[in-house]
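Engineer: Dropping the sequence and predicted coords here.
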Amino acid sequence: SQQGEEDPQALSIQEGENATMNCSYKTSINNLQWYRQNSGRGLVHLILIRSNEREKHSGRLRVTLDTSKKSSSLLITASRAADTASYFCATAGNTGGFKTIFGAGTRLFVKA
Amino acid sequence: DGGITQSPKYLFRKEGQNVTLSCEQNLNHDAMYWYRQDPGQGLRLIYYSQIVNDFQKGDIAEGYSVSREKKESFPLTVTSAQKNPTAFYLCASSIEYQRGSEQFFGPGTRLTVL
């Protein structure tokens, strides 16, 4: 069964606005990662947050992790048209192996 | 230039044919992965390899085969036994399999069955 599930499935915002995407998962994890995929391309790693961390920043990206709720959020501040892409969360388990499981993604469209 | 490459970018196959997708990395990573992505969907793991000369089935291995004879290469063969092979195939690598390390992805191969 799929571990990470993103919400919303699709998001459309104006340039300059903030974009928030959420990810929920089912079992305990070692870390959670966020990736970006431009249409027809490979995925690009954005940020990794470990299970003992609560918040992480990278440029305009802010990721939070709440292990008690088994959820994470990705915030992109001051969005740009170039941020238009699909965003995936991926969870790496810590029991029965370290398999990384990807969610179905959130499709973000930033209008100029 | 360090990275991971896939070839070809587009591949067309007739029904009943086997095809092999290439994946090469020069990142000196131990672990490599093959994923399948269908339109509007997430990634599903086909096979992975933790180290050279070793590989394991993922969630959807039926109709696929791999080899890992060299550290830098992890080719995927889509056999005629795969009933619905039209998809976008992504190869990835990571420093190690343990601890769910960050994965580096290739640009993908789009396979279409005619």
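Structural biologist: Noted; the coordinates are in hand.
Engineer: Can you tell me the element residue 20 falls in?
Structural biologist: I went with chain A, as the question did not name one. Taking DSSP states H and E as the definition, A:T20 sits inside strand A:19-24.
Engineer: that's the wrong chain, I meant chain B
Structural biologist: Here B:T20 sits within strand B:19-25, counting by DSSP H and E.
Engineer: Return the set of buried residues in that strand.
Structural biologist: Along strand B:19-25, these residues count as buried under the neighbour rule (16 or more other Cβ atoms under 10 Å in any protein chain shown): B:19, B:21, B:23-25. Just so you know, the C-beta spots here come from the backbone N, C-alpha and C atoms, and that holds for glycine as well.
Engineer: and if you look at stretch A:86-97?
Structural biologist: For stretch A:86-97, burial by neighbour count (16+ other Cβ under 10 Å) applies to A:86-93.
Engineer: Over to stretch A:36-52?
Structural biologist: Buried residues in stretch A:36-52, defined by neighbour count with 16+ other Cβ under 10 Å: A:36-37, A:41-43, A:45-49.
Engineer: Now for the residue most central in space within chain B: which residues touch it?
Structural biologist: The structure's chain B has its C-alpha centroid closest to B:W34; by Cα atoms, centre = their mean the separation is 2.8 Å. If you count contacts by Cβ atoms under 8 Å, 6 or more residues apart in numbering or on different chains, B:W34 has them with B:23, B:45-48, B:58, B:64, B:66, B:74, B:76, B:89-92.
Engineer: so which of the buried residues of stretch A:36-52 also contact chain B?
Structural biologist: Restricting the buried residues of stretch A:36-52 to those touching chain B (Cβ under 8 Å from any Cβ of the partner chain) yields A:41-43, A:45, A:48.
Engineer: Quick check: the farthest pair among the contacts of B:W34?
Structural biologist: Pairwise distances across those peak at 15.4 Å for B:Y64 and B:A92 (criterion: Cβ to Cβ).
Engineer: Neighbour count: those two, which is higher?
Structural biologist: Between B:Y64 and B:A92, counting by other Cβ atoms under 10 Å in any protein chain shown, B:A92 is the more crowded of the two (28 against 21).
Engineer: On the three-state scheme, that one is what?
Structural biologist: Here B:A92 is recorded as strand under DSSP: H, G, I helix; E, B strand; the rest coil.
Engineer: Tell me how far it lies from A:Q33.
Structural biologist: For B:A92, the distance to A:Q33 equals 12 Å [Cβ to Cβ, to the nearest Å].
Engineer: now do B:I46
Structural biologist: Applying Cβ to Cβ, one obtains 19 Å for the distance of B:I46 from A:Q33.
Engineer: Many thanks, have a good one.
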